[in-house]
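S.K.: would you be able to build a 3D model of this:
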Amino acid sequence: MRQHKQPKDKVSSRIINIATVAVTIGIALILISMAFSLGLQNEIRNKASLFNGQILITTFENNESQVSLTPFEDSEELRIQIRNHPGFHRSHAVALKAGMLKASNNFEGILLKGVSNEFDWNSLNIFLTKGSFPNFKGNINNDILISETIADRLNLGVGDKVDAFFQSNQNDGFPKRRKFKIVGTYFSGFPDIDKNLVYSDIRQVQMLNQWKSNQIGGYEVFVNSFSQVSQIADELYKGLPSELNSIAISDRFKSVFQWISLFDFNVIIILVIMVLVGVINMATALLVMILERSRMIGLLKALGATPLMIQKIFMYNGILIMTKGLFFGNLIGLLFYFFQHKYGWITLDPETYFATIAPVSIGWFEIMFLNLLFLSIATILLWIPSKIVMKFSPSQVLRFR
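M.R.: Residues are numbered from 1 along each chain as shown. Okay, here's the model as predicted:
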């Protein structure tokens, strides 16, 4: 008897290919969106922390101002108390004063940030564009580090000298003048930082404010884990003198951190949509497979197979198809991550996203979690259409040849 071959273009094969493509696109988009979300969150957190500290310890009078208004004593006892916290990583003293730089007929408002020789310049290495970092060891000097944005606006470069003017605390109407030398420039991609932040010797700020040599505006504290910043800030506050406050970076820049927290919500929305699209396509493919093999189902039932056994057969087939889609989806997503991480093809508007190149970041834990979540949800939901095999009666499906 002559056997008839199954046509290669039968409906089920087309539906299966569509379902595989849907799963591939779904997991790839989820991985890409999560990589962008985590990358942008980390980038903004890191920049905000490196230039402002993860925790700021200062007087209550200074809380609502970026300028150091009221000083307090930089004591070893207070430093030891901060260092003794288990989550402590490093800290340094700071003092900030508002002023203005003048070059030719151009003026730029600045925030002069005074730091000492304990400041970790290595943390800003990736942002240094020209020159070098100031060296505040030894005698007081006039070296400053300014942003590329300020340098371009004032048409200044490394090695140039610039006049700076600051309001006098004596309110005599005459501003204080200093002449600084630019030794380096940086670019953070964070407009609020690049537009005004200038690094100088903390002793310059102390002299401008007529403070004593042991008076500072605050401590910028860094901890081992960013996820514990708020908790450690609260714990440090309990041990501080009554006039000092401890503020987490997320509380100082609430609008920025609330904005980046919305990225997680966007990823969840994409995850839900892509899982639904993938499951609907897989369910359609599974139903077509079941209907095309109705005679096989009837024959298996006639031979004594239970509906549960037959359900498992189709479920295994569905999972295999889905696994194929997950494989290619992961491959596309990871290739995209690699090329963006290495070459930075996709750029962003720093005025909106605080970054010039779209950052990406994702770990193996997130990749495994996404795949297992996708596979688990899809498997559970595919169990429902697979129950249609229980409706088949051997006497009905085997009656006709």
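S.K.: which secondary structure elements does the helix or strand hosting Gln311 contact?
M.R.: Using DSSP states H and E, Gln311 maps to helix 307-343. Where contact means 3 or more CB pairs under 8 Å, 6 or more residues apart in numbering; DSSP states H and E, helix 307-343 is packed against helix 11-52, helix 254-292, helix 294-302, helix 364-386. Bear in mind the C-beta positions are built from the backbone N, C-alpha and C, glycine included.
S.K.: closest one to Asn196 among those helices?
M.R.: Asn196 sits nearest to helix 11-52 of all those, at 11.2 Å, using CB to CB.
S.K.: next, the angle helix 254-292 makes with the closest one.
M.R.: 170 degrees (axes from the mean of the first three to the mean of the last three CA atoms, to 10 degrees).
S.K.: now do helix 11-52, average pLDDT.
M.R.: What helix 11-52 shows for mean pLDDT is 88.
S.K.: check which helices and strands it is in contact with.
M.R.: helix 249-252, helix 254-292, helix 307-343, helix 364-386.
S.K.: after that helix, which helix or strand is next?
M.R.: That would be, after helix 11-52 and using DSSP H and E, strand 55-59.
S.K.: adjacent strands (with direction) for whichever helix or strand comes after that next one?
M.R.: Using DSSP H and E, the helix or strand that follows strand 55-59 towards the C-terminus is strand 72-73. Strand 72-73 has its sheet partners listed here by DSSP bridges as strand 215-216 (antiparallel).
S.K.: average pLDDT across the partner strand?
M.R.: 96.
S.K.: after it, which helix or strand is next?
M.R.: Downstream of strand 215-216 (by DSSP H and E), the next one is strand 218-223.
S.K.: so in the protein, which strand runs the longest?
M.R.: strand 88-103 (DSSP state E).
S.K.: got the buried residues for the helix or strand following that strand?
M.R.: The first helix or strand that comes after strand 88-103 along the chain, using DSSP H and E, is strand 106-115. In terms of neighbour count (16 or more other CB atoms under 10 Å), strand 106-115 has its buried residues at 108, 110-115.
S.K.: just stretch 224-236 next, same as before
M.R.: 229-230, 232-233, 236.
S.K.: ditto for stretch 55-73
M.R.: So for stretch 55-73, counting by 16+ other CB under 10 Å, buried means 55-59, 62, 66, 68, 71-72.
S.K.: pLDDT averaged over the longest strand of the chain - what is it?
M.R.: Averaged over strand 88-103, pLDDT sits at 95.
S.K.: who does that strand touch, helix- and strand-wise?
M.R.: helix 76-83, strand 106-115, helix 148-154, strand 161-166, helix 202-208, strand 215-216, strand 218-223.
S.K.: please redo it, this time with the cut-off set to 7 Å
M.R.: strand 106-115, helix 148-154, strand 161-166, helix 202-208, strand 215-216, strand 218-223 (3 or more CB pairs under 7 Å, 6 or more residues apart in numbering; DSSP states H and E).
S.K.: who's in contact with the third one?
M.R.: To tie it back to what came earlier, the one meant is strand 161-166. The contact list for strand 161-166 (CB atoms under 7 Å, 6 or more residues apart in numbering) reads 97, 99-103, 154, 156, 175-182, 208.
S.K.: got a quick ChimeraX command for the buried subset of the residues you listed?
M.R.: Listed next is the ChimeraX selection for buried residues among the contacts of strand 161-166, using 16+ other CB under 10 Å:
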select :97,99,101,103,154,156,176,178,180,182,208
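S.K.: measure stretch 223-236 end to end?
M.R.: Stretch 223-236 stretches 12 Å from its first residue to its last (CA to CA, to the nearest Å).
S.K.: and the helices and strands packed on strand 88-103: which comes nearest Thr352?
M.R.: Among the helices and strands packed on strand 88-103, helix 148-154 comes nearest to Thr352, with 15.9 Å by CB to CB.
S.K.: what comes up buried for that closest one?
M.R.: So, applying 16+ other CB under 10 Å, buried residues of helix 148-154: 149-151, 154.
S.K.: pLDDT below threshold where in this protein?
M.R.: Across the chain, the ranges flagged by pLDDT under 70 are 1-12, 169-173, 386, 388-401.
S.K.: at 80 instead, please
M.R.: Scanning the chain for pLDDT under 80 picks out the ranges 1-13, 15, 62-65, 168-174, 282-308, 310-311, 313-314, 378-401.
S.K.: output the buried residues of stretch 224-236 as TSV; include the columns secondary structure and distance to Leu373.
M.R.: Formatted as TSV, those follow (DSSP: H, G, I helix; E, B strand; the rest coil; distance: CB to CB, whole Å):
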residue	secondary structure	distance to Leu373
Val229	helix	28
Ser230	helix	28
Ile232	helix	31
Ala233	helix	33
Leu236	helix	37
